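1. no sequence on this one, just coordinates:
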């Protein structure tokens, strides 16, 4: 039952993300097409990926491509906390995760928002990888999921105009 709830919650969050993140390309107040970016990205990273050297290299390269393409306003980062069964350690693990995230943000001069997923809501979307990228591409009317490390060909495909 718990697994079903998590999957249902993940589906609802994805639907909400699509609605809010893409905003249907319309400026509701003005009733006209807005000039929002054609591509929106959700970067899901696991806390453990910040302890992995190869993972950090791939994430840092990706952040560099975001900055080079000036897409900071098109990205939402989510750090997924480790699952912890002991309630006494939850606060300590949260503080550690916040410090790791803060160091990653400062160290890479990240200008896009990052959320801390304490409940593991996004975990089902990132189970097979320490970092996952979900791309909402209005140019192609697609939603695509990529797992890190990203290849050069994948990076080119994501940001190709």
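-> Received, thanks. Remember, it's a predicted structure, so these values are computed and weren't measured experimentally.
2. looks to me like residue 78 is in a strand.
-> Yes. Remark: residue 78 belongs to a strand, assigned using DSSP: H, G, I helix; E, B strand; the rest coil.
3. burial of it, as a residue count?
-> Applying other CB atoms under 10 Å, we find 21 residues neighbouring residue 78. C-beta coordinates here come from the backbone N, C-alpha and C atoms, glycine included.
4. and residue 71, by the same measure?
-> The burial count for residue 71: 17, using other CB under 10 Å.
5. just name the shakiest helix or strand of this structure by mean pLDDT.
-> Between all helices and strands in the chain, the lowest mean by mean pLDDT, DSSP states H and E belongs to strand 26-27, at a mean of 40.
6. spatially central residue in the chain, please.
-> residue 43 (1.9 Å; CA atoms, centre = their mean).
7. what's that residue sitting at in phi/psi?
-> phi -100, psi 120 (degrees, to the nearest 10).
8. buried sites along stretch 51-60?
-> Neighbour-count burial for stretch 51-60, counted by 16 or more other CB atoms under 10 Å, picks out 55, 56, 58, 59.
9. hang on, I meant stretch 104-123
-> 104, 105, 108, 110, 112, 114, 117, 120, 121, 122, 123.
10. which SS class is residue 135?
-> Reduced to three states by three-state DSSP, residue 135 is strand.
11. please identify the helix or strand for the closest residue to it other than its chain neighbours.
-> Counting by CB to CB, 6 or more residues apart in numbering, residue 144 is the residue found nearest to residue 135 once chain neighbours are left out, at 4.8 Å. Applying DSSP states H and E as the criterion places residue 144 in strand 142-147.
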